[in-house]
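Q: Structure here, sequence nowhere to be found:
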């Protein structure tokens, strides 16, 4: 198996992300993270996110989100986003997302996403094909 890779993308901080102080209003980060996850599915995992939901009727809702707001980001910043998989379970996986500007980490999140049947709203086992794709981005914690 090859060495794991991180999914990386830049995100321009725009006016609509900011509060009156021109810094990112903290709930906007959750929207940015969800956009990153959708891009990761489409570009990194090569899984069509829209088809996964609309046709296969499988979603990946958040079950837990833990966020460290390390330093503020402001309008005009190019936030470098980095996503890795920290854990792959039976019905869920844990992601770590970091956002940096100029090498300075501004935000870090741990997020548990559940693989769920949209019809019936229940967790389902991660399909083998998806599990293999997740493994490419898996950076397990050394303690686990």
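A: Looks like it arrived, so ask away. Computed from a predicted model, the values in this text were never measured in an experiment.

Q: So for the longest helix seen in the chain, mean pLDDT?
A: Secondary structure of the chain per DSSP state H: the longest helix is helix 26-39. For helix 26-39, mean pLDDT rounds to 97.

Q: which other residues reach the helix or strand following it?
A: Later in the chain than helix 26-39, the nearest helix or strand by DSSP states H and E is helix 49-54. Identification of contacts with helix 49-54 by Cβ atoms under 8 Å, 6 or more residues apart in numbering yields 38, 41, 42, 58, 59, 60, 118. To be clear about C-beta, it is placed using only N, CA and C from the backbone, and glycine gets the same treatment.

Q: With stretch 135-144 instead?
A: For stretch 135-144, using Cβ under 8 Å, 6+ apart, the contacting residues are 1-2, 4-7, 40, 44-45, 83-88, 96.

Q: 7 Å instead, please
A: 4, 5, 6, 7, 44, 84, 85, 86, 87, 88 (Cβ atoms under 7 Å, 6 or more residues apart in numbering).

Q: Tell me which other helices or strands the longest helix of the chain touches.
A: The helices and strands touching helix 26-39, judged by 3 or more Cβ pairs under 7 Å, 6 or more residues apart in numbering; DSSP states H and E, are strand 7-12, strand 104-114.

Q: hang on, the earlier thing: let me know the closest of the contacts of helix 49-54 to residue 23.
A: Closest approach to residue 23 among those (Cβ to Cβ): residue 38, at 24.4 Å.

Q: Lovely, talk soon.
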